[in-house]
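*Asks:* Kindly return the folded structure for what I paste below:
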Amino acid sequence: MARPAVAGGRALKVSYRPAGDRYVLVEYGEAELDLRLNFFVVRAFTGLTADPPPGFVEAAPGFRSILVHFDPARTSRAALLDHLAAVHERQPEVSSLVLPSRRISLPIAFDDSATRRAVKLYAATIRAAPYTEGGSNIDYIVAQNGLPDRESLYAKLLGTEWWTAFTGFAPGLPFTFSLRAPTELSVPKYNPTRAWTPEGAVGMGGPCLAVFPVDSLGSYQLVGRTVPIFDALARNDVFAESPFLVRAGDRLRFFRVSEHELTEIRRQVLENRYRYDVVEEPFAVAGYL
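*Replies:* Reported below is the predicted structural model:
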């Protein structure tokens, strides 16, 4: 079902799709990489969770969608759609949004031994591909983007904030896009997928940068490794309220360290001696535009 939603007087295409008996998938706009759509998603998600309808269980934002879980014993799908439409109509126009956000600074060691081990294992057991030449994905990413050298790639990765559009695939895995130029860097994914990616690996697929919170499958080209962003045991105070460090609307910024320094920082994280740099800092969409 498609209905027009109004955001500050401007019509925005919204589609409501049944996703089984207990879910509704809400999709906004057209299927394109437009961060303005995601800004609206983050604001609508905030409004929905602040004013949940009867029978609301939970919701999960995507890039331009929200999956809403409801209890059919407590509400009807029609009543839920009416409530969602009301939430959408209350949202301001995208350019005037000020979104709840945090700036999270994370250390990164580029082309580290753990991600190189994942590349070499893939080449030995699955497929020797152009992106595995030299036992690293770095030179492939550099070539795909027409960059002169590795340092140029590193400068681009470090020189922007990465907007967390949503999390998924693995517990708390953030899918992020550059706020400087969302499509400035882009690279094809692995084909087929890797069987193993180390926890903390940072990888790129298309224009999206992701951080792997646990050891898992993965198809993104690997650029380096950072600190843990998921810990169900809450061994560091940053995980005291939630095992997930990053949520939709957060902005990640990376600073470069050596692999030796990263190893020491990761040890300090597990010993609860490292303090994550997390700053509450609302995001004004007008400034981005």
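*Asks:* in stretch 179-199, what's buried?
*Replies:* Using 16 or more other C-beta atoms under 10 Å as the test for burial, stretch 179-199 gives Leu179, Pro182, Leu185, Val187, Lys189, Tyr190, Arg194, Thr197, Pro198, Glu199. C-beta: built from backbone N, CA, C; applies to glycine.
*Asks:* before we move on, which element is the residue lying farthest from the centre of the chain in?
*Replies:* No residue in the chain sits farther from the centre than Ala73, which is 33.1 Å out by C-alpha atoms, centre = their mean. Using DSSP states H and E, Ala73 sits within no helix or strand.
*Asks:* What pLDDT does the model give it?
*Replies:* Ala73 carries a pLDDT value of 95.
*Asks:* State the phi and psi torsions of it.
*Replies:* When read as degrees, to the nearest 10, the backbone of Ala73 gives phi -80, psi -20.
*Asks:* What spatial separation is found between it and Leu25?
*Replies:* Per C-beta to C-beta, to the nearest Å, Ala73 is found 20 Å from Leu25.
*Asks:* same check, this time on Arg256
*Replies:* Going from Arg256 to Leu25 by C-beta to C-beta gives 39 Å.
*Asks:* Just the C-alpha atoms of the helix or strand Ala118 falls within, please, in PDB.
*Replies:* Following DSSP H and E, one finds Ala118 within helix 113-125. C-alpha atoms of helix 113-125 as PDB (Å, rounded to 0.1, in the frame of the first residue of the first chain):
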ATOM      1  CA  SER A 113      47.800  -8.700  10.300                       C
ATOM      2  CA  ALA A 114      44.300  -9.900  11.200                       C
ATOM      3  CA  THR A 115      42.600  -8.600   8.100                       C
ATOM      4  CA  ARG A 116      45.600  -9.700   5.900                       C
ATOM      5  CA  ARG A 117      45.100 -13.200   7.400                       C
ATOM      6  CA  ALA A 118      41.500 -13.200   6.400                       C
ATOM      7  CA  VAL A 119      42.400 -12.200   2.800                       C
ATOM      8  CA  LYS A 120      45.100 -14.900   2.600                       C
ATOM      9  CA  LEU A 121      42.800 -17.500   4.000                       C
ATOM     10  CA  TYR A 122      40.100 -16.600   1.400                       C
ATOM     11  CA  ALA A 123      42.600 -16.800  -1.500                       C
ATOM     12  CA  ALA A 124      43.900 -20.200  -0.300                       C
ATOM     13  CA  THR A 125      40.500 -21.900   0.400                       C
END
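*Asks:* Which elements pack onto it?
*Replies:* strand 194-197, strand 201-205, strand 221-225 (3 or more C-beta pairs under 8 Å, 6 or more residues apart in numbering; DSSP states H and E).
*Asks:* how about a markdown table for those, with distance to Val68 added?
*Replies:* Output for the helices and strands packed on helix 113-125, formatted as a markdown table (distance: least, C-beta to C-beta, whole Å):
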| stretch | distance to Val68 |
| --- | --- |
| strand 194-197 | 30 |
| strand 201-205 | 27 |
| strand 221-225 | 33 |
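*Asks:* Counting neighbours, what do you get for Asp112?
*Replies:* 23 (other C-beta atoms under 10 Å).
*Asks:* Test my guess that it contacts Arg225.
*Replies:* Yes: using C-beta atoms under 8 Å, Asp112 is in contact with Arg225, at 4.6 Å.
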